[in-house]
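# Quick one: sequence and predicted model below, then my questions.
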Amino acid sequence: MNITFDPRVFDITSYTYDDQNRPFLKGFPAGTAHWSKRVDGTIHALHFTCPCGCGACGATPVYAGSNGWCWNGDLEKPTLTPSIKMLSPCGWHGYLTDGVFKRC
Ligand SMILES: [Zn+2]
């Protein structure tokens, strides 16, 4: 599934939370994403709705150093490594490669 972008997926006031405080956002297609930025304007993280369509929200920080995903620098067709594992009940696990989410 191809990633799509919509800044409204970063409106946390629209999130709902399950009994384990995991965020969900309904009403957006699976794999809808938005890049958040640091105060200096550099990219901080990719926020997205779960590629399975369950409505769970994920976020992958992209740091130059440790504790983040490696990012190819492409805003429109990003590649993130290593794989992405959703912490939501669906447990989606897959890759984002050249702007395409693909389950493992
Ligand atoms: Zn899911």
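Received, thanks.

# drop to CA atoms for contacts and neighbour counts, all remaining ones
Noted.

# Quick check: the residue nearest to Ser14 when sequence neighbours are not counted vs the ion, distance?
Once flanking residues are discounted, Ser14 sits nearest to Leu25: 6.7 Å by CA to CA, 6 or more residues apart in numbering. Distance, Leu25 to the ion, by CA to the ion, to the nearest Å: 11 Å.

# please begin residue numbering at 23 from this point
Okay, using 23 as the starting number, the last item reads as Leu47.

# Make sure Leu102 is actually in contact with Asn94.
Yes. Leu102 lies in contact with Asn94 (CA atoms under 8 Å); the separation is 6.8 Å.

# So for these two, which sits in the more crowded spot?
Leu102 (23 against 14; other CA atoms under 10 Å).

# Just confirm yes or no for the host helix or strand of Trp57 near the ion.
Element membership for Trp57, per DSSP states H and E: strand 54-59. No. Applying CA under 5 Å from the ion, one finds strand 54-59 separated from the ion by no less than 12.3 Å.

# can you give me the offset of that strand from its chain's centre?
7 Å (CA atoms, centre = their mean, to the nearest Å).

# again, but for stretch 36-51
Taking mean C-alpha positions (CA atoms, centre = their mean), stretch 36-51 and its chain are 13 Å apart.

# Contacts for that stretch, please.
When contacts are defined by CA atoms under 8 Å, 6 or more residues apart in numbering, stretch 36-51 is touched by residues Val31, Thr71, Gly75, Gly77, Ala78, Cys79, Leu109, Ser110.

# what does this protein put close to the ion?
Near the ion, when you scan the chain using CA under 5 Å from the ion, you find Cys72, Cys74, Cys76, Cys112.

# Out of those, which end up buried?
Buried members of the residues of the chain next to the ion, scored by 16 or more other CA atoms under 10 Å, are Cys72, Cys74, Cys76.

# if we can go back for a sec, which members of the contacts of stretch 36-51 define the maximum pairwise distance?
Val31 and Leu109 (17.5 Å; CA to CA).
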